[in-house]
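[1] predicted model and sequence below, questions to follow.
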Protein chains: 2
Amino acid sequence: MRSGSHFAQTASSNPLVNSPCEKCNIAEMSLCHALSCDDLRKLSSISTGIEVGKGVTIINEMDSADFLFNVTGGSIKLYKLLPDGRRQMTGFLFPGDFLGIAMNDCYAYSAEALEDCRLCRFPRARLEELLKEVPDLENRLLNMVSNELVLAQDQMLLLGRKTAIEKVCSFLLSLAKRTQRKTGAGHVISLPMGRSDIGDYLGLTTETVSRTLTNLKKKGIISIPTNGQLEINDIEELTDLAEGMD
Amino acid sequence: MRSGSHFAQTASSNPLVNSPCEKCNIAEMSLCHALSCDDLRKLSSISTGIEVGKGVTIINEMDSADFLFNVTGGSIKLYKLLPDGRRQMTGFLFPGDFLGIAMNDCYAYSAEALEDCRLCRFPRARLEELLKEVPDLENRLLNMVSNELVLAQDQMLLLGRKTAIEKVCSFLLSLAKRTQRKTGAGHVISLPMGRSDIGDYLGLTTETVSRTLTNLKKKGIISIPTNGQLEINDIEELTDLAEGMD
DNA sequence: ATAAGTCTTTGATGTAGGTCAATATGACGC
DNA sequence: GCGTCATATTGACCTACATCAAAGACTTAT
């Protein structure tokens, strides 16, 4: 087997897990944030908890967008492909993130589990009905998409105009900020994705990402105790490097 | 004077132009699309028509986001800056487009008029109130933002993974598609922005944009009758080049 | 018409980061 | 513990695009 996962290998063939929204431990940072008990019950009634193993493709670019998901555990990579196989990561998702916002009739990107994942799945048609009934939910979704658009524009600036070292430092900082927001501490961050995933996120090659990280290690700005974890030793320096202040 | 504009040189000092939504000629392709007469009247009541001259900065990155706008005439460039002056265009707006979607409390980017422009201005606070009252409006906005996010992700793929020629061809095609949608014909497209604006949109320099365009001219794929206008002679070839099929 | 300023094009040269190739390191199954 | 496989690192070299510099081509003002 390709990974040590105990989960089934396709999203659709999974045993469905019953996990009502009321008990959800990530509710306060997700779509469900700030909904009334009543609205939460409605949302719960159309959702199904599912689990997918590491490496499983959850959605496929160009497939009909029949489901939306809320990530409740694990992490996910999102990417688009060119005909010849070149790949651009459009984002990484962690617990509390919403998957499937960007779509028309088809998904705009593919999503693959970086680790074993837990998801909350909504049939799109029923969610759209519910949006009409529950304005708070629609408003919440609007804020989430709006926010994602701001991040997408930051990423455009990064991809179009930053140097390799600025890109890598910006990436580490954004992970650190996220970790800070969720856990309170942001010095040690988890890197569930590989170097080539990072490269494809930043518009660089594996080799350049690797060289840049060694560079930062040599300067003492970061340490990499184990693959999959990274410690930031000098966040000021990292911030300066991220904006080209050096 | 820097331009031949008859309009005032700052957005705020302009004479306000009364242009009720009911008469608006671009309504069918904008925010106002598919609203009932009643809802349209409500929207109209909080909007002010304004005009800004070529070169005027309409909004400034990091300024408090007090107004949102609907573009009803002219064209606009959106951009973000790094501390050292490097610039990334995040988009170009044309009649029917909405300005100000991506913001938290502050604007996420600056906007400058490429030509004399006509805008429909909404105070943010009042628009947000109206959103609560008119679910159709919120739904429409959600669709627009969602759509923009899809485009932003296409742009990430372009910036991170495409070559210079692929970038330029993709850009011309997206303008052509837009023109097609709005006017029915997409062979001749208008280029109100300069070469360096295009460069900053595509993550290239002025010189590379210019060289790439000359290249396409020499191959007979495009012609540039006047600066500010461009004709596509071979759209199939352009499409292939845009995706690296050559 | 002419002069001044701006934007575009073209050419010559430089370099950041890509490509190709060879180890090194770590993860997992047995 | 040991072999296998995948991923990460490091080194040598190359190239697409940037940078620097100098003409052209438009625009607008007088």
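    Happy to help now that I have it.
[2] residues contacting the closest residue to residue A:69 other than its chain neighbours?
    By the measure of Cβ to Cβ, 6 or more residues apart in numbering or on different chains, the closest residue to residue A:69 outside its immediate chain neighbours is residue A:99, 4.1 Å from it. In short, each C-beta sits where N, CA and C put it, glycine included. Counting by Cβ atoms under 8 Å, 6 or more residues apart in numbering or on different chains, residue A:99 touches A:58, A:59, A:68, A:69, A:70, A:71, A:76, A:78, A:93, A:111, A:119.
[3] please redo it, this time with the cut-off set to 10 Å
    Residues counted as contacts of residue A:99 (Cβ atoms under 10 Å, 6 or more residues apart in numbering or on different chains) are A:58-59, A:67-71, A:76, A:78, A:91, A:93, A:107, A:109, A:111, A:117, A:119-121.
[4] also residue A:67?
    For residue A:67, the set of contacting residues under the criterion of Cβ under 10 Å, 6+ apart consists of A:11-12, A:48, A:50, A:58-59, A:99-100, A:107, A:119, A:121-127.
[5] which ChimeraX command selects the buried ones in those residues?
    The ChimeraX command for the buried members of these (criterion: 16 or more other Cβ atoms under 10 Å in any protein chain shown) is given here:
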select /A:11,48,50,58,59,99,100,107,119,121,122,127
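[6] give the burial count for the closest residue to residue A:56 other than its chain neighbours, as a bare number.
    On the basis of Cβ to Cβ, 6+ apart, the spatially nearest residue to residue A:56 that is not a chain neighbour turns out to be residue A:113, at 4.9 Å. The number of residues packed around residue A:113, counting by other Cβ atoms under 10 Å in any protein chain shown, is 27.
[7] so which of the contacts of residue A:67 are in strands?
    The strands in this structure, assigned by DSSP state E, contain A:48, A:50, A:58, A:59, A:99, A:119, A:121, A:122, A:123 from these.
[8] closest one to residue A:82 out of the residues you listed, please.
    If you rank these by distance to residue A:82 using Cβ to Cβ, residue A:59 comes first, at 18.5 Å.
[9] hmm, that closest one is touching residue A:102, no?
    No - applying Cβ atoms under 10 Å as the test, residue A:59 and residue A:102 come out as separate, 11.0 Å apart.
[10] so what sits against both of the two?
    Applying Cβ under 10 Å, 6+ apart, one finds that residue A:59 and residue A:102 are jointly contacted by A:65, A:78, A:108, A:109.
[11] the last one: what's it in contact with?
    Looking back up the chat, that one is residue A:109. Applying Cβ under 10 Å, 6+ apart, we find residue A:109 in contact with A:59-62, A:77-81, A:88-91, A:99-100, A:102-103, B:150, B:153-154, B:156-157.
[12] let me see the mean pLDDT of stretch A:61-72.
    Per-residue pLDDT over stretch A:61-72 has a mean of 93.
[13] distance of the residue at minimal distance from the centre of chain A relative to DNA strand C?
    Against the mean C-alpha coordinate of chain A, by Cα atoms, centre = their mean, the closest residue is residue A:93 at 1.1 Å. Relative to DNA strand C, residue A:93 is positioned 21 Å away (criterion: Cβ to the nearest atom of the strand, to the nearest Å).
[14] turn the shared contacts of residue A:59 and residue A:102 into JSON lines, including secondary structure.
    Supplementary listing: the shared contacts of residue A:59 and residue A:102 in JSON lines, determined by DSSP: H, G, I helix; E, B strand; the rest coil:
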{"residue": "A:65", "secondary structure": "coil"}
{"residue": "A:78", "secondary structure": "strand"}
{"residue": "A:108", "secondary structure": "coil"}
{"residue": "A:109", "secondary structure": "coil"}
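[15] ok, and the most crowded of the residues you listed?
    So for these (other Cβ under 10 Å), the most neighbours sit at residue A:109, 26 neighbours.
[16] longest helix in chain A, by residue count?
    Using DSSP state H, we find that the single longest helix of chain A is helix A:135-161.
[17] is that one up against chain B anywhere?
    Yes - in this structure, helix A:135-161 sits against chain B according to Cβ under 10 Å from any Cβ of the partner chain; the contacting residues are A:135-136, A:138-139, A:141-161.
[18] anything in the lowest-mean-pLDDT helix or strand in chain A near chain B?
    Of all the helices and strands that make up chain A, helix A:37-45 has the lowest average by mean pLDDT, DSSP states H and E, namely a mean of 80. No - Helix A:37-45 lies apart from chain B when judged by Cβ under 10 Å from any Cβ; the minimum separation is 14.4 Å.
[19] so what does that helix touch, helix or strand wise?
    Packed against helix A:37-45 by the contact rule (3 or more Cβ pairs under 10 Å, 6 or more residues apart in numbering or on different chains; DSSP states H and E) you find strand A:117-123, helix A:124-133, helix A:135-161.
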